[in-house]
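*Asks:* model this:
(chains A, B and C)
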Amino acid sequence: MAGMTEARLQELGLELPSAPAPAASYVPTVITGSLLFTAGQVPVKDGQRLFVGKVGATMDVATAQEAAKLCALNILAQVKAAIGDLDRVRRCVKVLGFVNATPEFGEHPAVINGASDLLVAVLGERGRHARSAVGAGSLPFGVAVEVEAIFEIE
Amino acid sequence: MAGMTEARLQELGLELPSAPAPAASYVPTVITGSLLFTAGQVPVKDGQRLFVGKVGATMDVATAQEAAKLCALNILAQVKAAIGDLDRVRRCVKVLGFVNATPEFGEHPAVINGASDLLVAVLGERGRHARSAVGAGSLPFGVAVEVEAIFEIE
Amino acid sequence: MAGMTEARLQELGLELPSAPAPAASYVPTVITGSLLFTAGQVPVKDGQRLFVGKVGATMDVATAQEAAKLCALNILAQVKAAIGDLDRVRRCVKVLGFVNATPEFGEHPAVINGASDLLVAVLGERGRHARSAVGAGSLPFGVAVEVEAIFEIE
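*Replies:* Residues are numbered from 1 along each chain as shown, chains lettered A, B, ... in the order given. Predicted coordinates for the structure are as follows:
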């Protein structure tokens, strides 16, 4: 039932979280043609909001990278919930990562690498995406990172 | 001339605003294949900028939801201006909502529900979209909310 | 080798910068179907980060427009690196521009016009795009502007 991509997750010692329910009036994924758009994922695990903080003040870069990694795991969990098997992912096309940071913070690329590196580790070449990493003035529930993605699927 | 979707707008007691002119050097919508991308819409009505304020400081969540609802109405007005009949909307695919909020604000999902709920009320199941809601450090002209969307059209 | 679009660049006295290397674990462009997504481009030239500052405080609107223009040149450089000839651009579909600004700043549309006007000057009608311009709380390395774009290509 689990395909090669999920075998790779296991090799990496990673477990897909249960796909988090949206925090409001929307759906976690929409497929149009061969594109799958995900809702923004925050660092939630088993219904618990983790990694609440302001990067550059109450949270350091290394911790924020872990937050970004958990966002990416939630993205993969949503994709699996939508298409059943991650082997059907042809490509991660685009990632947009928001860091809840102080006005002077500048290490957004390093933070969002937590998500990008996870996608490449799990999906290999198919995980390599175009990306923007920016600073949000604030984020839902005070979480440190929010990440959304677009995938090409078969 | 007006289709079923616009009849639904009327049932809801809603009126599409005139599609606002862009604030600068761009166009309000672009269609590529079956996708329609809208420019970010702000809470403008009849050329008047409404809902100027910083959410969490000078504006509360309930008021900001109204701002988000007006953004969504402007989105629908732009889509109608582009494709003539909202019945040609197959699906709202993706919404990205920005809230002009204080650094500590965390209720972005509730604010952007003002837009999401409007889209679902008008479009029904076709209105259910993937979504990200984030905090902007600032927004054009000091408005409280800006929302952009992607639609699948026929 | 250089097509009509690059002749137009020359007429405008503009030179495409070398396509900047990504700051982290991602690729500068991904093509899916007829769409090309770019990574967020910052005002980098010849490996030097230019236009570091907070708009509304340490940088004025006119300077930030130059930053946005350089972001757009880098976008075109990435598109050329991906598809070889800018004549293959059918349309700039969408631009998302982030301005690293103070909480009270409101002239984002004027700033991001620096990018939009460049795209229209170079690409003509093909350069006219849907757009959102928003305020980031912070940006990578403290740059003043970051811009990403979606193109339709042939």
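*Asks:* residues in contact with the closest residue in space to A:Asp87 that isn't next to it in sequence?
*Replies:* Once flanking residues are discounted, A:Asp87 sits nearest to A:Gly3: 3.7 Å by C-beta to C-beta, 6 or more residues apart in numbering or on different chains. Glycine gets a C-beta too; all of them are placed from N, C-alpha and C. Going by C-beta atoms under 8 Å, 6 or more residues apart in numbering or on different chains, A:Gly3 touches A:Asp85, A:Leu86, A:Asp87.
*Asks:* among those, which ones are buried?
*Replies:* Taking 16 or more other C-beta atoms under 10 Å in any protein chain shown as the criterion, what is buried in the contacts of A:Gly3 is A:Leu86, A:Asp87.
*Asks:* can you redo the contacts of A:Gly3 as TSV with secondary structure and pLDDT?
*Replies:* Listed next are these as TSV, based on DSSP: H, G, I helix; E, B strand; the rest coil; pLDDT from 0 to 100:
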residue	secondary structure	pLDDT
A:Asp85	coil	94
A:Leu86	helix	96
A:Asp87	helix	97
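*Asks:* which one of the contacts of A:Gly3 sits closest to B:Asn74?
*Replies:* A:Leu86 (37.5 Å; C-beta to C-beta).
*Asks:* Quickly note the distance from the closest one to chain B.
*Replies:* Distance, A:Leu86 to chain B, by C-beta to the nearest C-beta, to the nearest Å: 18 Å.
*Asks:* Grab the nearest non-local neighbour of that residue.
*Replies:* Distances taken as C-beta to C-beta, 6+ apart put A:Thr5 closest to A:Leu86, at 3.7 Å, once the chain neighbours are dropped.
*Asks:* So for the helix or strand in which the one you found is found, what gets flagged as buried?
*Replies:* Take DSSP states H and E as the rule and A:Thr5 turns out to sit in helix A:4-11. For helix A:4-11, the neighbour count (16+ other C-beta under 10 Å) marks A:Thr5, A:Glu6, A:Arg8, A:Leu9 as buried.
*Asks:* close enough to count as contact, the second one and A:Arg88?
*Replies:* Meaning A:Glu6. No - using C-beta atoms under 8 Å, A:Glu6 is not in contact with A:Arg88; the gap is 11.6 Å.
*Asks:* beta partners of A:Ile31?
*Replies:* With DSSP bridges as the criterion, A:Ile31 is bridged to A:Leu36.
*Asks:* so what's it up against?
*Replies:* Contacts of A:Ile31 by C-beta under 8 Å, 6+ apart are A:Phe37, A:Ala82, A:Ile83, A:Ile153.
*Asks:* Identify the farthest-apart pair in these.
*Replies:* Greatest spacing in the contacts of A:Ile31, by C-beta to C-beta: A:Phe37 and A:Ile83 (12.6 Å).
*Asks:* thinking again about what came up before, can you redo the contacts of A:Gly3 as a markdown table with distance to C:Ser138?
*Replies:* What follows is the contacts of A:Gly3, written out as a markdown table (distance: C-beta to C-beta, whole Å):
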| residue | distance to C:Ser138 |
| --- | --- |
| A:Asp85 | 38 |
| A:Leu86 | 33 |
| A:Asp87 | 38 |
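*Asks:* Bridging across strands, which residues link to A:Val143?
*Replies:* Under the criterion used (DSSP bridges), A:Val143 bridges to A:Val52.
*Asks:* out of the buried residues of helix A:4-11, who's nearest B:Ala149?
*Replies:* Nearest to B:Ala149 out of the buried residues of helix A:4-11 is A:Thr5 (C-beta to C-beta; 30.4 Å).
*Asks:* any idea how far that closest one is from B:Ser34?
*Replies:* Computed as C-beta to C-beta, to the nearest Å, the A:Thr5 to B:Ser34 distance reads 28 Å.
*Asks:* Thanks a lot, catch you later.
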